[in-house]
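> Dropping the sequence and predicted coords here.
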Amino acid sequence: MTIIDETAESPSADGSQGAGRPLLEVRDLHVEFRTRDGVAKAVNGVNYSVAAGETLAVLGESGSGKSVTAQAIMGILDMPPGSIPKGEILFRGQDMLKMSGEERRKIRGNKIAMIFQDALSSLNPVLSVGYQLGEMFRVHQGMSKKDAKAKAIELMDRVKIPAAKERVGDYPHQFSGGMRQRIMIAMALALEPDLIIADEPTTALDVTVQAQVMDLLAELQREYNMGLILITHDLGVVADVADKIAVMYAGRIVEHAPVHELYKRPAHPYTKGLLHSIPRLDQKGQELYAIKGLPPNLTRIPSGCAFNPRCPQAQDICRTDIPPLHPVTERDGGELTGRGSACHFWKETIHG
Ligand code: ADP
Ligand code: MG
């Protein structure tokens, strides 16, 4: 018999500081879509976790299953044509996939909030932002109109919208893209969730504004001690704010590591390729590297390692055997906490 001490505050396996039991844990998650083309296997056994006060970045090219994983967590795809044939999504140790509808709604409405890429389509164009922010408090907490408006102004201040008091009655189109995304962050914060999932929150913004919005999100995350899952196709944007990174390809995690280690020494050829394709200020004018080829059609994922047709290091075994997620160690076998690579040749990749 296994006895689990629910109260133990042990450090998490990946050594992240001050983290106890993970807030959210995705285990062996599989998601499929029935399409005219056949079954698209969008998520194929994803495992990741995030603790309170921790930021996990989920990185990968478009189509790698990052958003679908988030949608599974938010419970917005367990209906046709999407299905979850296998897996667990544990929130504070409880599997949300096994909960009643009402239990789930309580968590997803109050404990987990999501921020999307496109603020303009998430906000109602004919209602003032103050009204929409206040709605969170009127509907969820039964606050009066006057109190809700005061709360809306307070939130706008929190996300550093200048002259919040004067602008509370303005409509979404009267704000810049960056300010609108701040309003989305305010909406997500309103009910003081334990976890925020931000799906490409700055992709639609100018580069300078991207950094400001990302810094704000990171600052609030620390202040409220929330867990944060940051989904992105751009490692450059998250490198400064994430604690750890999970790299996805064709619905699997191909590498995971603490962020600075992954940056310094990638252990998967796909990660290497992604790192080479980040524009660098000190290399202006040089042609940008791109990984050759495209991600696979998810109804026909290549046998063996899904990345093999694009991989410069591929050998015969890569075309036949799916690589397991190997623990990554130092050259002398010394442990590297929290690192894993799903490459048959991870040793050559990191040490070679
Ligand atoms: P990303 O990593 O860019 O966020 P997604 O998670 O959005 O990728 O999508 C992964 C794949 O899942 C897509 O390429 C698509 O093939 C498939 N997919 C997502 N949503 C649907 C849907 N509603 N119907 C069919 N296929 C879908
Ligand atoms: Mg996406």
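Here it is on my side, so go on. Ligands and ions are numbered 1, 2, ... in the order given.

> Could you measure from E223 over to ligand 1?
Computed as C-beta to the nearest ligand atom, to the nearest Å, the E223 to ligand 1 distance reads 28 Å. Using the backbone N, CA and C atoms, a C-beta is placed for each residue, glycine as well.

> Q181 too?
18 Å.

> A helix includes that residue, no?
Yes. With DSSP: H, G, I helix; E, B strand; the rest coil as the criterion, Q181 is assigned to a helix.

> Point out the other elements, helices or strands, that the host helix or strand of H260 touches.
Assessed by DSSP states H and E, H260 sits inside helix 259-264. Packing partners of helix 259-264 (3 or more C-beta pairs under 8 Å, 6 or more residues apart in numbering; DSSP states H and E): strand 244-249.

> Show me what from the stretch 151-300 of the chain comes close to ligand 1.
Residues of the stretch 151-300 of the chain lying close to ligand 1 by C-beta under 6 Å from any ligand atom are L298.

> Would you map the strands across the stretch 151-300 of the chain?
195-199, 227-232, 244-249, 252-258 (DSSP state E, counting those that start in this stretch).

> what do you get for the stretch 1-150 of the chain?
Using DSSP E, counting those that start in this stretch, strands in the stretch 1-150 of the chain cover 24-35, 38-50, 55-59, 82-91, 94-95, 112-115.

> Can you say which of those strands is packed in most?
Across these, averaging neighbours per residue (mean count of other C-beta atoms under 10 Å) puts strand 55-59 on top, at a mean of 26.

> Partner strands of that strand, with direction?
Its sheet considered, strand 55-59 pairs with strand 227-232 (parallel), strand 244-249 (parallel) by DSSP bridges.

> could you dump those strands to a markdown table with mean pLDDT and mean neighbour count?
Output for the strands paired with strand 55-59, formatted as a markdown table (pLDDT from 0 to 100; neighbours: other C-beta atoms under 10 Å):
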| stretch | mean pLDDT | mean neighbour count |
| --- | --- | --- |
| strand 227-232 | 96 | 25 |
| strand 244-249 | 98 | 26 |
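
> would JSON lines of these with distance to L298 be doable?
As requested, the strands paired with strand 55-59 are exported to JSON lines (distance: least, C-beta to C-beta, whole Å):
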{"stretch": "strand 227-232", "distance to L298": "18"}
{"stretch": "strand 244-249", "distance to L298": "11"}
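
> With respect to F175, which of the strands of the stretch 1-150 of the chain lies nearest?
strand 112-115 (15.5 Å; C-beta to C-beta).

> which residues sit against that closest one?
The contact list for strand 112-115, computed with C-beta atoms under 8 Å, 6 or more residues apart in numbering, reads 24, 70, 73-74, 91, 181, 184-185, 187-189, 191, 193-199, 201.

> again, but for stretch 133-143
109-110, 144-145, 147-149, 151-152, 155-156, 183, 186-187, 190-191.

> any idea how far ligand 1 is from the closest residue to G53 other than its chain neighbours?
Leaving aside its sequence neighbours, G53 sits nearest to N225 (C-beta to C-beta, 6 or more residues apart in numbering; 4.6 Å). Between N225 and ligand 1 the distance is 27 Å, computed by C-beta to the nearest ligand atom.

> now swap in L56 and tell me
For L56 relative to ligand 1 (C-beta to the nearest ligand atom), the value is 15 Å.

> quick revisit: most neighbours among the contacts of stretch 133-143, please name it.
Within those, most neighbours by other C-beta atoms under 10 Å means A152, with 27 neighbours.

> Can I get the strands of the stretch 151-300 of the chain in JSON lines including distance to G53?
JSON lines is the format used below for the strands of the stretch 151-300 of the chain (distance: least, C-beta to C-beta, whole Å):
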{"stretch": "strand 195-199", "distance to G53": "11"}
{"stretch": "strand 227-232", "distance to G53": "7"}
{"stretch": "strand 244-249", "distance to G53": "12"}
{"stretch": "strand 252-258", "distance to G53": "15"}
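
> Lovely, talk soon.
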